[in-house]
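Chemist: how would this look folded up:
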Amino acid sequence: MGAPRNMFAVATAAILVAMVLALIRAFAGPSLYDRVLAGNSFGTKTVLLLGAMGFLMGRPDFLDIALLYALINFAATIAILHFFSYKKATMGELAETAAPTAATLGSPATLGSPATAPVSAPAPGPSGEDGGAT
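Modeler: Next up is the predicted model:
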């Protein structure tokens, strides 16, 4: 009876180490998606920890809490990714309507190029004629 308990105690310690590593990645992640993935990984390891602790303490009701936490973790990860993708899209729309940048200042539309200049009547020839058309 002691061997499974020892095995779960070692697994619990390994889960705690993995949770610490996930937290380090969450704080040091180079991008937003690395941080979200580390947060999701931390939540998954929390579910495993709740299950292992429930077995070690003889409390099977911890599994219900672990399942509920897994659902909350999934919904929170989807919500965070949706929020940041919406925020990125909104920031992209704001960038399009912002003041002109150096790239748009040199475009033909802003310099009054012949493509956008108003069309005027041809200038009369040197003798006042219309170019010699008879």
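Chemist: quick one, what contacts Phe8?
Modeler: Neighbouring residues of Phe8 by C-beta atoms under 8 Å, 6 or more residues apart in numbering: 52, 55-56. The way it works is simple: take the backbone N, C-alpha and C, and place the C-beta from them, glycine included.
Chemist: Buried ones only from these, please, as a ChimeraX command.
Modeler: Here is the ChimeraX command that picks out the buried ones among these, judged by 16 or more other C-beta atoms under 10 Å:
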select :52,55
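Chemist: Which member of the contacts of Phe8 is positioned nearest Tyr33?
Modeler: Distance to Tyr33 across the contacts of Phe8 (C-beta to C-beta) is lowest for Ala52, with 28.5 Å.
Chemist: what's the closest non-adjacent residue to the closest one?
Modeler: Distance criterion C-beta to C-beta, 6 or more residues apart in numbering; nearest residue to Ala52, sequence neighbours excluded, is Thr12 at 4.6 Å.
Chemist: Gly54 too?
Modeler: Counting by C-beta to C-beta, 6+ apart, the nearest residue to Gly54 once its immediate chain neighbours are dropped is Phe62, at 2.7 Å.
Chemist: do Ala26 as well
Modeler: Leaving aside its sequence neighbours, Ala26 sits nearest to Ala38 (C-beta to C-beta, 6+ apart; 3.8 Å).
Chemist: Which strands and helices lie in contact with the helix or strand hosting the one you found?
Modeler: Assigned by DSSP states H and E, Ala38 belongs to helix 32-57. Applying 3 or more C-beta pairs under 8 Å, 6 or more residues apart in numbering; DSSP states H and E, one finds that helix 32-57 contacts helix 2-28, helix 62-96.
Chemist: Can you add mean pLDDT and give those back as a markdown table?
Modeler: A markdown table is the format used below for the helices and strands packed on helix 32-57 (pLDDT from 0 to 100):
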| stretch | mean pLDDT |
| --- | --- |
| helix 2-28 | 93 |
| helix 62-96 | 87 |
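Chemist: This completes my enquiry, with thanks.
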